[in-house]
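K.L.:
Next input, structure requested:
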Amino acid sequence: MNGNTDAATALNRLAKWRSLLAGWQLGTRPKGDPESDAVRDHREVTLILRAEVNALVSLLMHKGVFTQEEWLAALAEEAELLDKAMSRRFPGVAATDDGLSMDVRVIQRAGWMKGWKP
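P.N.:
Have a look, this model is predicted:
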């Protein structure tokens with residue numbers, strides 16, 4: 001087997017988890033259910049993206065492009081920037097070490113939850 005075939009086989013096997021994860025989130029549903037199909041598709045992309053990023057980081061570290069410490073520092077910085085962007089996108093919500101903190105008054109004033117399902 002060549003690398004392309006090995007990667008395709010491994011990624012196809014990894015993608016099989018999408019159905020279990022969709023069932024865990026939504027309950028058992030048949031293929032063709034739009035909501036479940038969307039969740040399965042998203043789970044597949046997330047699983048494959050995680051494998052791709054992990055492979056890329058591993059290669060870059062092994063090649064000496066950066067160290068694990070540099071990677072972790074950059075990862076922490078990017079996570080903090082994304083956390084701040086999420087708080088700007090959803091005023092009244094902040095992530096804490098214990099979960100999400102929500103200020104209902106700020107959320108209602110901002111209006112971003114209008115039309116959400118109860």
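
K.L.:
and the longest helix along the chain, what does it pack onto?
P.N.:
Secondary structure assigned by DSSP state H gives helix 34-62 as the longest helix of the chain. Packing contacts for helix 34-62, counted by 3 or more Cβ pairs under 8 Å, 6 or more residues apart in numbering; DSSP states H and E, involve helix 3-15, helix 17-26, helix 68-89. From N, CA and C alone the C-beta is placed, and that goes for glycine too.

K.L.:
Out of these, which is the most enclosed?
P.N.:
Counting by mean count of other Cβ atoms under 10 Å, helix 17-26 has the highest mean neighbour count of these, with a mean of 15.

K.L.:
Including distance to residue 105, could the helices and strands packed on helix 34-62 go into JSON lines?
P.N.:
Formatted as JSON lines, these follow (distance: least, Cβ to Cβ, whole Å):
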{"stretch": "helix 3-15", "distance to residue 105": "43"}
{"stretch": "helix 17-26", "distance to residue 105": "31"}
{"stretch": "helix 68-89", "distance to residue 105": "16"}
